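1. sequence plus the predicted model coming up.
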Amino acid sequence: MKQKLALACTLVHTPKIILLDEPTTGVDPVSRRDFWKILQSLVKGGITVVMSTPYLDEAERCSRVALMNMGTIMQADAPVVLKESLHREVLEIVCQPVREAFRVLKAATASMEVQAFGDRLHVIVDRAAVRPEDVSRQLTRHGILVSGIRAISPSLENVFISLLSHQKGQQ
């Protein structure tokens with residue numbers, strides 16, 4: 001409610017641009033959704049909204065996104081263009097034990113980038129170099145039970161983590 005009130009106060013003088021710093025941090029999911037509906041209606045009304053957010057699922061709703069690390073813009077464009085820039089396939093793997101699978105795949109080959117997402121792994125691979133069945137076989141050989149593996153569309157989070165990994169590799 002505090003965030004909605006702050007936004008309402010901002011709108012009193014009908015601004016052309018609104019700057020928001022992490023407006024939904026600490027906000028419950030229902031209020032967060034309501035806040036985004038308000039923001040979308042403002043944008044449709046011609047108001048420019050510039051915001052920072054740690055939530056990349058929120059950033060996917062924006063028309064343009066700048067992915068930043070330590071105050072430096074790593075890449076900026078429309079969310080769809082950022083996701084296409086990955087130029088690789090994302091395999092989502094459901095397996096047990098996940099930590100062991102992460103370790104096995106991380107050590108397996110340089111042609112894979114492994115990202116942990118809760119009870120799943122996202123493995124970013126070159127389409128031509130690695131097939132899902134190859135990854136499944138590799139895990140099974142190490143005694144890991146694979147209950148599902150499928151190609152999924154990359155998220156901004158995949159892109160961000162990949163950019164960070166490449167940045168660390170260059171340092």
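-> Yes, it's here.

2. hey, let's count contacts and neighbours off CA atoms from now on
-> OK.

3. hey, where'd the strands end up in the protein?
-> 17-21, 48-52, 65-69, 72-77, 89-96, 112-117, 120-125, 145-152 (DSSP state E).

4. rank the ones you listed by pLDDT, which is bottom?
-> Among these, strand 112-117 has the lowest mean pLDDT, at a mean of 88.

5. before we move on, back to that, adding mean neighbour count, write the strands of the chain out as JSON lines.
-> JSON lines is the format used below for the strands of the chain (neighbours: other CA atoms under 10 Å):
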{"stretch": "strand 17-21", "mean neighbour count": "13"}
{"stretch": "strand 48-52", "mean neighbour count": "15"}
{"stretch": "strand 65-69", "mean neighbour count": "17"}
{"stretch": "strand 72-77", "mean neighbour count": "13"}
{"stretch": "strand 89-96", "mean neighbour count": "21"}
{"stretch": "strand 112-117", "mean neighbour count": "18"}
{"stretch": "strand 120-125", "mean neighbour count": "23"}
{"stretch": "strand 145-152", "mean neighbour count": "14"}
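
6. can you lay out these as TSV showing distance to Lys106?
-> Listed next are these as TSV, based on distance: least, CA to CA, whole Å:
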stretch	distance to Lys106
strand 17-21	35
strand 48-52	32
strand 65-69	23
strand 72-77	24
strand 89-96	14
strand 112-117	6
strand 120-125	9
strand 145-152	16
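
7. per-domain residue ranges of the protein.
-> With domains defined by automatic domain parsing, the chain comprises 2-82, 87-153.

8. chain center to the shortest one, what's the gap?
-> Taking CA atoms, centre = their mean, to the nearest Å, one finds domain 87-153 lying 18 Å from the centre of the chain it belongs to.

9. quick one: end-to-end distance for it.
-> With CA to CA, to the nearest Å as the measure, domain 87-153 spans 11 Å from end to end.

10. against Thr72, how distant is Glu22?
-> 18 Å.

11. and the nearest residue to Gln3 once chain neighbours are set aside, what is it in contact with?
-> Among residues not flanking Gln3 along the chain, Pro23 sits closest, at 6.5 Å (CA to CA, 6 or more residues apart in numbering). With contact set as CA atoms under 8 Å, 6 or more residues apart in numbering, Pro23 has these partners: 3, 51-53.

12. possible to save those as JSON lines with distance to Leu11?
-> What follows is the contacts of Pro23, written out as JSON lines (distance: CA to CA, whole Å):
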{"residue": "Gln3", "distance to Leu11": "12"}
{"residue": "Met51", "distance to Leu11": "15"}
{"residue": "Ser52", "distance to Leu11": "19"}
{"residue": "Thr53", "distance to Leu11": "20"}
